[in-house]
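[1] make a model of this:
(chains A, B and C)
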Amino acid sequence: MMSVEEKISFTLNGDPVTVTIPVSMNTLSMIRDVLKLTGTKYGCGEGECGACTILVDGVAVNSCLMLAVKCAGREVTTIEGVQTDEGLSVLQEEFIRHGAVQCGFCTPGMIMQGTYLLNHNPELDIEGIKRGIEGNLCRCTGYKKIVDAIASALHRTKNTTKV
Amino acid sequence: MPSTTKRETLIGKRVPKLDAPKKVTGEAEYINDIELPGMLHGKILRSQRVHARIVSIDTAAAKALPGVRAVLTAGDTPGVPLGHGRDNPPLKGDKVRCIRDEIAAVAADSEQIAEQALRLIKVEYEDLPAVFSPADALNESAPVIHEKHANNIPFTYDYSHGDVAQGEKESDIIIEDAFRLHFVTHCCMGVSGVVARFDSEGNLTVYSQTQVPFLYKREIAPVIDVPAEKIRVIQPIIGGAFGSKLDIYPFEPICILLARATRRPVRLLFSREEEFVASPTRQPVELTMRSGVKKDGTLTFRDCKTLHDNGGYTSWGAATPFVMIQTISSLYRVPHCRYHTKVVYTNNPYSGSFRGFGNLQATFAVESHMDKLAEAVGMDPLAFRLHNSQHPGETTPQGMVFHTCGLTDCLKTAAKRSRFLEKHRTNSQNQKSSAGQRPYLKRGIGMASLLHVGGGAKIYRSDGCGTILKIDDHAHVTVITGSTDIGQGSETVIAQLVAEELGFPISAVTVINNDTEVTPWDVGVHASRTTFIAGNSAQRAARKAGRQILQAAAEKFAVDAEALELRDRHVARKDTAEALIEVGKLIRSLHFSKQHDIVMATEFYEPPSVMQDKEFKGNVSASYAFGTQVVELEVDVDTGVIRIVKVTAAHDVGRVINALGIEGQIEGGVVMGIGYGISEELIIEKGLVKNPCFRDYKVITAPDIPEIDMHFIETMDPEGPAGAKGVGEAPAVCTSPAIANALYNATGVRFYGLPLTPEKVLSVLSGRTGDRK
Amino acid sequence: MAEIEKYIAPQTLEEATRVLAEGNVTVLAGGTDLVPQTQSGIRQFQPVLMNICRIPELKGVAETNGEIRIGALTTIAEIVGSPLLKVKAAVLADAADCFAGGQVRNSATLGGNICNASPAADMAVPLLLLGAEAELAGWANGQVVYRTVPLCDLFVGPGETLIKPYEVLTFVRFPAPQKEVVGVFHKFGTRPALDIAVVSVGISGVRNNGCLSDVRVAFGAVAPTPVRGYKTEAALEGATLDDGLISTIGGVVERDISPISDVRASAWYRNEVLCRITQRLLHDVRGRKD
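    Numbers count the residues shown, from 1 in each chain, chains lettered A, B, ... in the order given. Below you'll find the predicted structure:
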């Protein structure tokens, strides 16, 4: 467990960061335990629930499945990096407005995956959105309001670039 | 002063959850996120056997590992067991009885070191013969699991009303079937965990996801040998509960004991695999039901026997008969009824409380029989149910008083909106047909109703909730309530009711609900009680505070208090809507005047219900919720795969307070009900959990969800706040029998067990196994 | 967990193969199998962890002279989204679309899925239909040396391939199917998403006058490795795709497979459902417009 350490530099939520971490550490542990950003959640540690979803170079991945060393030189975005100085993102606003949040544990992962979908595939219909979040489990909401929130955000952000 | 605007009611509106903003930004702090200075990490060594004597536990190597600060075994505990069966010691010293059993616990500088230490602990076992079913455990020769119960039966339940023998005589048709309801687990997205810290005076603070913080204090005190008054329970944001946190499980006292032994804060979190293995399941039930009916369609009797697999220790699963008796005796009008449960120890994992608390299991049997009886007397499923449906004003033989009862409306609404009768007929005719492009796809439609408590459940001597309410100099309201939010939105409903009462915007209300040092007593989040009981408590406290304000204004302006009302954060004349004074200004003048008074109010609301007597009779709840769901499905008879196409849900909710919130409960409950019906199963073989991971335990995902058409029947409960009843559990209760009834409509084959996985369905449809498996 | 003593992220294939030649190396690509397996203890890290994600020779999807090459580092998501593969190898793109969930598809690689060699490997069945070969590279005699292994020979057991410890999978290649080739693939799980295949099946061939020729059939999750269904192919080759043939093909399929019972399904169910789905796919193939 005390594997060799590697110093890596990458961009985290827009800011440069340098950390030294054990090579066997996964990105989720690095984000939560080393960088102390607790918004990204541990749901299963095996890539089956999506609670740990982050964006790496804008692409949604399960941080529990990614060795931290692979963050080197990349742009990493966590839930803490979604809102800007102007406030909550459109998707965050729609989640609140639609009642897509109950216990909220799946919410950061859903928002990261939703953000990826909005940026990557703005033409999604309802079935496409459901498929788009197939890797994110929720036990409280039954998914409907989450899907509706993403659909609303898609509608609002049509013809704009990044959300 | 200007006129105040016409006040728009908040009741029935779509109000976003108050804590949603901090959840969408990742700021919300869950148990996994709590970090205290000097905090250590706790881990539990669990048994490798399901029934064995513990010969020895060698912790020397673990204790010697650098970074390990404490290793505890049973000898390091006060030796007081947990649970209302008083049979679950936090650490097991003499024997293990199921795969969860906690043998040792470690606190270390990091999780990795703690896990490494666990691997260094050597345990010697002497295997004992084990049993894995109630039937086996009841054998004469079965091993004794707890010495206190040589026959392995810690509890039995017996109920009757009327006379079943008489009912049998009155019946023209009698049917009898055996049903098998299975192990499922909560799969809260946030795993179990706890943080404990003692201060230098021995005061304990526990950060716990408990649903019952006040009962927690009382029940854990002897187990950890700390007086209840020195225990403070703070609840973080809870990552889902659904009943899993209604009882205290060994990991909590274990963490507290580690904190005491190390004199440092300790955080203990489950891994997901540990969550699957060690957190309580829904109660599995083997049930036989005999039901009788007259040829005119009138129900005559139900006679029900169950075996409850109690696993190795007692938790809330053993109490599910309380709720099952309600449904079996009172869902639809049944003149004669008998019920018997034997709760039996086995070496399987044990069950706790899970949304519905036995009602899913009971309703599956009752509603399967309703369809079967309907067919036997030649009535359609809707007409048969309407014929036996209860009406407002009835009291059931069990003693439940239905001041309001929307069952008939729910049945009619769900059937009409789904075009039930027409589709039911068409599907029946198509069962054997091989016409069409894809003859292997069959459509089915089925219905089922539910009865559940909607105004609390008086299973303790108090079913009440306390509120302390203050309005400060800036006219901001703080509502301090004993009742917890587990994600269901109780804090938002409370804020809505208070804001409505006071004529304030909801942004002027803060709810504090998570610290036993501050909040008044509440029995806990269970039995769908928070909207009703905490809501009433908060609303009445707000009413008192409102009266204080109006009285002060009446004196100040020399008018009758009756002529005034609160609107728009002003005191206004009722007749002209003319604003007299802004509330904040009035409060400041009260405060800083010679009167020196501030606005505070308290209320403890106890619902007008009673504890059931020894025969389980009595009006245990102040209100009852009803609902009917119609499920439309498509089954692929070649593969057994069921696709749920649409669920039409009509629920008697009394009154909708938060439209967003209540929709969320229905949508979430229905999807949970679908999972219980067709895909979820915790596979237990020889006491071991074979699928402790999301890959193999099939929770419903987004692409699986059906269309849901929801209708709220507002029966305006006389006791409920704004007329509302509780509905947190109801939506999960009747989905799976509706699915089974729909499957029968599609295939002509009835299924008596869950889940209806593709393999199970194909196995029965192809004739490989009987329909009783 | 075993300790990693050295971490290296080479930028050339030469460097990577030289490291492999020294032995005791764990190769890191997407990590979606490696990370959970090492965390649960099913697999141990070797003393050297080599991240191959920076090696350009392992990337890219391209068609050259009628041959399609897919680099081992191509992610499953890139396969789903490849315009070339959508047209020229739709079975592969379709299979990729059924793979786990979106986040995993974004990280998991084709090479990783093949090297992990699960009996249910989602990419293997379509690649077997396409007659794919794997190119392996190793360091010998002072240079990078290559060898090619047909995929149908590559898998030797659950989790085992013919790839030597000093070799790395560089790319997969197959002849670009001619326009007349029709291919179908079905992954059957008990949920639409997030599922390991209970069974999977693919069929390809050239359709002519109600017959199939150049038939290839492949099955997943019903044998120790993904397999070609040679007996099923023989029964279909050149035969008229009529109701008689289709309704009896199940009996032949059964002889090509050896499913096991596990927590996901029983052997009986796997057998039953595979036969029925194969029949259904044949109906689909027959019904498609020429």
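[2] could you give the number of residues near A:Asp85?
    4 (other CB atoms under 10 Å in any protein chain shown). Using the backbone N, CA and C atoms, a C-beta is placed for each residue, glycine as well.
[3] what score does it have for pLDDT?
    Looking at A:Asp85, its pLDDT is 92.
[4] swap in the one 3 residues further on?
    pLDDT for A:Leu88: 98.
[5] how about it, what does it touch?
    Going by CB atoms under 8 Å, 6 or more residues apart in numbering or on different chains, A:Leu88 touches A:Val82, A:Ile96, B:Pro21, B:Val24, B:Thr25.
[6] just the pLDDT for B:Gly770.
    Reported pLDDT for B:Gly770: 72.
[7] do B:Ala178 as well
    So, for B:Ala178, pLDDT stands at 98.
[8] contact partners for the residue of chain A found nearest chain B?
    Closest contact between chain A and chain B, by CB to the nearest CB, is at A:Gly39 (2.1 Å). Contact analysis of A:Gly39 by CB under 8 Å, 6+ apart lists A:Thr78, A:Ile79, A:Glu80, A:Pro108, B:Thr25, B:Gly26, B:Glu27.
[9] among those, which one has the most neighbours?
    A:Ile79 (29 neighbours).
[10] that older thread, any chance of the contacts of A:Gly39 in a markdown table with distance to chain C, pLDDT and secondary structure as columns?
    As requested, the contacts of A:Gly39 are exported to a markdown table (distance: CB to the nearest CB, whole Å; pLDDT from 0 to 100; DSSP: H, G, I helix; E, B strand; the rest coil):
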| residue | distance to chain C | pLDDT | secondary structure |
| --- | --- | --- | --- |
| A:Thr78 | 14 | 98 | coil |
| A:Ile79 | 14 | 98 | helix |
| A:Glu80 | 18 | 98 | helix |
| A:Pro108 | 13 | 98 | helix |
| B:Thr25 | 21 | 98 | coil |
| B:Gly26 | 17 | 98 | coil |
| B:Glu27 | 23 | 98 | coil |
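[11] among the contacts of A:Leu88, name the ones in helices.
    A:Ile96, B:Pro21, B:Val24 (DSSP state H).
[12] what is the nearest of these to chain C?
    Minimum distance to chain C across these is 18.9 Å, recorded for B:Val24 (CB to the nearest CB).
[13] okay, and the residue nearest to the closest one when sequence neighbours are not counted sits in which element?
    Of all residues not flanking B:Val24 in the chain, A:Gln92 sits nearest, at 4.3 Å (CB to CB, 6 or more residues apart in numbering or on different chains). A:Gln92 is part of helix A:90-98 when elements are defined by DSSP states H and E.
[14] how far does that helix sit from the chain's center?
    15 Å (CA atoms, centre = their mean, to the nearest Å).
[15] for it, name the packing helices and strands.
    For helix A:90-98, the packing partners by 3 or more CB pairs under 8 Å, 6 or more residues apart in numbering or on different chains; DSSP states H and E come out as helix A:107-120, helix A:144-157, helix B:20-24.
[16] quick one: it to helix A:107-120, angle?
    130 degrees (axes from the mean of the first three to the mean of the last three CA atoms, to 10 degrees).
[17] show me what helix A:90-98 is in contact with.
    Here helix A:90-98 makes contact (CB under 8 Å, 6+ apart) with A:82-83, A:88, A:100-101, A:107, A:110-111, A:114-115, A:118, A:145-146, A:148-150, A:152-153, A:156-157, A:163, B:16-17, B:20-21, B:24-25, B:660.
[18] show the buried residues in these.
    Among the contacts of helix A:90-98, those buried by neighbour count (16 or more other CB atoms under 10 Å in any protein chain shown) are A:82-83, A:88, A:100-101, A:107, A:110-111, A:114-115, A:118, A:145-146, A:148-150, A:152-153, A:157, A:163, B:16-17, B:20-21, B:24-25, B:660.
[19] mind putting the contacts of A:Gly39 in a markdown table, distance to B:Lys148 included?
    Below are those laid out as a markdown table (distance: CB to CB, whole Å):
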| residue | distance to B:Lys148 |
| --- | --- |
| A:Thr78 | 52 |
| A:Ile79 | 50 |
| A:Glu80 | 53 |
| A:Pro108 | 47 |
| B:Thr25 | 51 |
| B:Gly26 | 48 |
| B:Glu27 | 48 |
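[20] helix, strand or coil for the nearest residue to B:Thr484 once chain neighbours are set aside?
    Leaving aside its chain neighbours, B:Thr484 sits nearest to B:Val525 (4.9 Å; criterion: CB to CB, 6+ apart). Assigned by DSSP: H, G, I helix; E, B strand; the rest coil, the conformation of B:Val525 is coil.
[21] which residues touch B:Val525?
    Listed by CB under 8 Å, 6+ apart, the contact partners of B:Val525 are B:Gln211, B:Val212, B:Ala241, B:Leu246, B:Ser483, B:Thr484, B:Ile486, B:Gln488, B:Ser490.
[22] try B:Cys410
    Counting by CB under 8 Å, 6+ apart, B:Cys410 touches B:Ser449, B:Phe626, B:Gly627, B:Thr628, B:Ala650, B:His651, B:Asp652, B:Ile713.
[23] do I have it right that A:Val17 meets A:Thr11?
    Yes. Between A:Val17 and A:Thr11 a contact is recorded at 7.2 Å, counting by CB atoms under 8 Å.
[24] per-residue confidence averaged over stretch B:554-561?
    Averaged over stretch B:554-561, pLDDT sits at 95.
[25] flag every buried residue along that stretch.
    Buried residues in stretch B:554-561, counting neighbours by 16+ other CB under 10 Å, are found at B:Ala554.
[26] now it - C-alpha only, PDB.
    Output of stretch B:554-561 as PDB, limited to C-alpha atoms (Å, rounded to 0.1, in the frame of the first residue of the first chain):
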ATOM      1  CA  ALA B 554     -54.100  45.000  18.400                       C
ATOM      2  CA  GLU B 555     -52.800  46.700  21.600                       C
ATOM      3  CA  LYS B 556     -50.600  49.100  19.700                       C
ATOM      4  CA  PHE B 557     -53.300  50.200  17.300                       C
ATOM      5  CA  ALA B 558     -56.200  49.900  19.700                       C
ATOM      6  CA  VAL B 559     -58.100  47.500  17.500                       C
ATOM      7  CA  ASP B 560     -59.600  44.100  18.000                       C
ATOM      8  CA  ALA B 561     -57.100  41.300  17.300                       C
END
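[27] residues touching that stretch, excluding its own?
    Contacts to stretch B:554-561, defined as CB under 8 Å, 6+ apart, come from residues B:Arg547, B:Leu550, B:Gln551, B:Ala553, B:Ala563, B:Leu564, B:Arg573, B:Leu580, B:Ile581, B:Leu586, B:Ser589.
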